[in-house]
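Participant: what shape does this take:
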Amino acid sequence: MVENQQVEHIEKSLRKVAEIIKQKGRVILNQFPITPPQFVALQWLNELGDMTIGDLSTKMYLACSTTTDLVDRMEKNELVERVKDQNDRRVVRIHLLEKGEKIIQEVIKKRQDYLKGILQNFSDEEIAFLEKSLHVLHQEMESSSKE
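Facilitator: The predicted structure follows:
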């Protein structure tokens, strides 16, 4: 059975790790011509493919008008383009362009390099256990959020 104190420690540790990753991510992003919200939008498009403004707004927890402004700026910087849906011409999807994809790949690579540097102090067993534990935790959270 899980102890309350353990849950408190795990939650606090996850929060601290997430904050450090977020801060480090912002430092890395300063080297690129995009803002943190643009990075999040580009990540969603990279992960899920073309999306409508409404879908992207939902994923980012933003109002459609805010997402439209965000997409306007990204389109101006040639990171994304608006494309009419093949099946329904009334639907417009946001498509990730090569420049946006390249920036995402470079930022993620730098973030992974940072994490790899931190993990140098871990044994192979600790890394394998951490990877498996985080995967299981993520799976449990995903399945419980669908209920």
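
Participant: count of neighbours near residue 73?
Facilitator: Neighbourhood size, residue 73 [other Cβ atoms under 10 Å]: 15. Backbone N, C-alpha and C define where each C-beta goes, glycine included.

Participant: surely it touches residue 37?
Facilitator: No. Using Cβ atoms under 8 Å, residue 73 makes no contact with residue 37, being 9.5 Å away.

Participant: mind checking the longest helix of this structure?
Facilitator: Using DSSP state H, we find that the single longest helix of the chain is helix 4-29.

Participant: who are the packing partners of that helix?
Facilitator: helix 36-48, helix 98-119 (3 or more Cβ pairs under 8 Å, 6 or more residues apart in numbering; DSSP states H and E).

Participant: now do that helix, average pLDDT.
Facilitator: Across helix 4-29, the average pLDDT comes to 93.

Participant: where's that helix relative to the chain centroid, distance-wise?
Facilitator: When distances are taken as Cα atoms, centre = their mean, to the nearest Å, helix 4-29 is centred 15 Å away from the chain's centroid.

Participant: low pLDDT regions in this protein?
Facilitator: 147 (pLDDT under 70).

Participant: could you redo the last one with a cut-off of 90?
Facilitator: 1-3, 21-22, 25, 85-89, 144-147 (pLDDT under 90).

Participant: most packed of the helices and strands packed on helix 4-29?
Facilitator: Using mean count of other Cβ atoms under 10 Å, the stretch among the helices and strands packed on helix 4-29 with the largest mean neighbour count is helix 36-48, at a mean of 18.

Participant: so what touches that helix?
Facilitator: For helix 36-48, the surrounding residues in contact (Cβ atoms under 8 Å, 6 or more residues apart in numbering) are 25-26, 29, 34, 51, 56, 59-60, 62, 67, 70-71, 73-74, 79-80, 94-96, 100-101, 103-104, 107.

Participant: export it to CSV, keeping only CA atoms.
Facilitator: Output of helix 36-48 as CSV, limited to C-alpha atoms (Å, rounded to 0.1, in the frame of the first residue of the first chain):
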residue,chain,number,x,y,z
PRO,A,36,7.8,28.9,-25.6
PRO,A,37,4.1,28.8,-26.7
GLN,A,38,5.3,28.5,-30.3
PHE,A,39,7.5,25.6,-29.3
VAL,A,40,4.6,23.9,-27.6
ALA,A,41,2.4,24.3,-30.7
LEU,A,42,5.2,23.1,-33.0
GLN,A,43,5.7,20.0,-30.7
TRP,A,44,2.0,19.1,-31.0
LEU,A,45,2.1,19.5,-34.8
ASN,A,46,5.3,17.4,-35.0
GLU,A,47,3.8,14.7,-32.8
LEU,A,48,0.2,14.5,-34.1
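
Participant: no further questions, thank you.
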